[in-house]
Every structure is written in structure tokens, then in C-alpha cells.
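S.K.: Give the three-dimensional model of this entry:
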Amino acid sequence: MLVLGLETSCDETAAAVLKDGGNLLSNVINDQIGIHSKYGGIVPELAGRSHIERVHRVIEEAVQIADVQLSDIDLIAVTMGPGLIGSLLVGLNTAKGLAYGLNTPMIGVNHLEGHLFAIFLQKKVEFPFIALIVSGGHTDLYRVTDFGHYKLLGRTRDDAAGESFDKVGKMLGLPYPGGPGIEKLARQGNGKLHKFPRAYLEKGSLDFSFSGLKTSVRTFLQRREQNTSINLTDEDISAAFQEAVIDVLVDKLISACKNEQLTRIVVTGGVASNGALREAVQKAAQVCGFEASVPDPIFCTDNAAMIACAGYHKYTRDQSLSAKHRGLDAKANIALE
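M.R.: Numbering: from 1, shown residues only. Got it, this is the predicted structure:
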């Protein structure tokens, strides 16, 4: 089965062709960093317009690289939410048009479900497992029992981890997105020279909170500007901030495994491409005797291959979903269920 995946939930216009759920024939990602960087963040209206301009070209490229024809496609899988409503509509309406024109089944995929199963593009992880989705828009912990069966264990109460990286990056004068810049600076810094707060919340909670950490960094930077005796560099501050985020993410991930009595871990989402986080997860898992799986960085950030993969597994389990999904509406906020 050939699946065409489409992803336009935020600022990446992406298309991919996947064969039989595991053989990736193409994976085209067209980002908009050059458009949004001068604004220090994503401008929704500009993101939607860019998707309109790029989506057909990206699909054509994905099909060409896969060496197939659009008429060969057996299923179209498209992100239906959550995300920016204007961006989602571009991908969803394009998928509907293709489905009607080609008389091809289509299926809507929750963006978070795509992240959950990105790892299946590289390896099969035995169910059940604990999954941490950590990105610019989400920081969620799930117990994943099977395809389509998820239990939410914890989520952020304010900023997502990736959002805090971007905002702290902006405070440090780094270009958008700030996460890669902070990671690069942190490699040259000493995170032990200052300890930023870790928000563990009430005892036993698996929820996250990063707004206080962000405020603490801003306050420290203001103090440094006023007090020349504080000689911590941007590299040191980046390292200290990154350690604070990673400590909480890893501690709660391990706690979730122990609470649910599970030994398999999947960490995914854009922030999972951070090398320090990947290393910390593997180290903590090894100490506990757990098995940790993290997709390659190209599959951590938003991509259409993960949407094609999730769509394939949904459709092969219930083909009747296709008829229902031709009438789908884009949803800016949608629960993973």
C-alpha cells in the first residue's frame, strides 16, 4: 500500500510517500524559518499563505522522488489538528481535493498521534510503552497501549518545553527558532555555575510547568546587566537553562514508567532532536534497566512521514474511517484519543 502523507499544522509544508507502513520512499520538508525569523516567532497568517504557495510543489516533489504517480497512491493521510487553523485548512483541503479527484481513500491524523508513531518509521516498539511528546506546542506524557489507545498521564500547565527554549533564545538575542541556538551555546558553557529552578509541582504530579523557569532566566539576565560582578556567559546560562528543562523532563518520564510499571520509553517531538536530552534519556533508562527509543532528528521535527505512518496503521485497522474523514474539519485544538 502506498500512502501519501501531508503535514501543514504549523510552519512546515511537508509531503511523504510511505510503502506498506515501513518503507519510506520520500520525505520532503519545506520550512518557513526564513519567513518568520525576523518576527521572532511564527506569524499564523504568513504561515497559511506560504502553505498555499508551496503545498502542490512539495507534493509533486515527494511523488517524483518516490518514483510513483499520484494515480498509484492508495491512501492519503493528512494532519487534521491540533495546529494553526489557517495552516491546517491548506493541507486538509488539498487532501480532500486529491481524494475526490483520484477517487482515493483519505484519513485524518492527529498531529500528536503522528509524533507518537514516528519511531515506527525506524523500528517497531512493543506495546505498551510510555511516550513523552516534547515540542514547541506540547509537553505531554502518555501511556500507549496500542494504536488508537492512549492514556494521558501529564501535560504542561503553561509553556511547552520547546516554547520556553524559543523564548529564552530570544532573550539571549538568538535567531528564531531559539532551541538549536541554545543547544549550541550550551555545549560551550558550564551549567553548574548557576542553578535555575525546577518546577516539580505537587507531590506525585506528572504535569509540567516552564513559565517560572522562563521568568527566572529573564530576571537573572536583568541582574547580570545591572551587576558587572556577575560573570556568567550566555553559554553558561544556556547550559544551566537546558539542564533545568531536561532534569524535569527525564525525572517525570522515569516516574511515569515506574508508576505504570512499564519499561519501554519513546521520546518524540521537535525538542527530542536536542542531543543533550537524547543522551540524558538514554542514560536514565540504562540506570533503570529500561529500553528508550528516540527517532532520528529528521523524524522528531514536524514531517509528513510520521503522518503517513500513523494514517497507515489507522486505516488498516478500520477502513470505514475513510468515508467519515472526507467530511473532516480542521481543528486547532483536538484531544488525542
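S.K.: residue contacts, the residue nearest to Gly289 when sequence neighbours are not counted?
M.R.: Distances taken as C-beta to C-beta, 6 or more residues apart in numbering place Thr263 nearest to Gly289, at 6.8 Å, with adjacent residues excluded. No exception for glycine: its C-beta is placed from N, CA and C like everyone else's. Residues near Thr263 by C-beta atoms under 8 Å, 6 or more residues apart in numbering: Cys257, Cys288, Gly289, Phe290, Glu291.
S.K.: Tell me the predicted confidence for the residue nearest in space to the middle of the chain.
M.R.: For the chain, Gly269 is the residue whose C-alpha lies nearest the centre (C-alpha atoms, centre = their mean; 2.7 Å). pLDDT, Gly269: 97.
S.K.: same thing with the one 3 residues further on?
M.R.: Confidence per residue is given as pLDDT, and for Ala272 that number is 98.
S.K.: ok but it is inside a strand, no?
M.R.: No. Read with DSSP: H, G, I helix; E, B strand; the rest coil, Ala272 is helix and lies in no strand.
S.K.: so where do the strands sit in the stretch 101-250 of the chain?
M.R.: For the stretch 101-250 of the chain, the strands defined by DSSP state E, counting those that start in this stretch cover 106-110, 129-134, 139-146, 149-155.
S.K.: between these, which one is nearest to Ala47?
M.R.: Among the strands of the stretch 101-250 of the chain, strand 106-110 comes nearest to Ala47, with 19.2 Å by C-beta to C-beta.
S.K.: For that closest one, which helices and strands make contact with it?
M.R.: strand 75-81, helix 85-102, helix 304-317, helix 321-325 (3 or more C-beta pairs under 8 Å, 6 or more residues apart in numbering; DSSP states H and E).
S.K.: Let's have the ones you listed in JSON lines, adding mean pLDDT, distance to Gly34 and mean neighbour count.
M.R.: Formatted as JSON lines, the helices and strands packed on strand 106-110 follow (pLDDT from 0 to 100; distance: least, C-beta to C-beta, whole Å; neighbours: other C-beta atoms under 10 Å):
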{"stretch": "strand 75-81", "mean pLDDT": "96", "distance to Gly34": "22", "mean neighbour count": "27"}
{"stretch": "helix 85-102", "mean pLDDT": "96", "distance to Gly34": "16", "mean neighbour count": "20"}
{"stretch": "helix 304-317", "mean pLDDT": "96", "distance to Gly34": "20", "mean neighbour count": "27"}
{"stretch": "helix 321-325", "mean pLDDT": "68", "distance to Gly34": "33", "mean neighbour count": "16"}
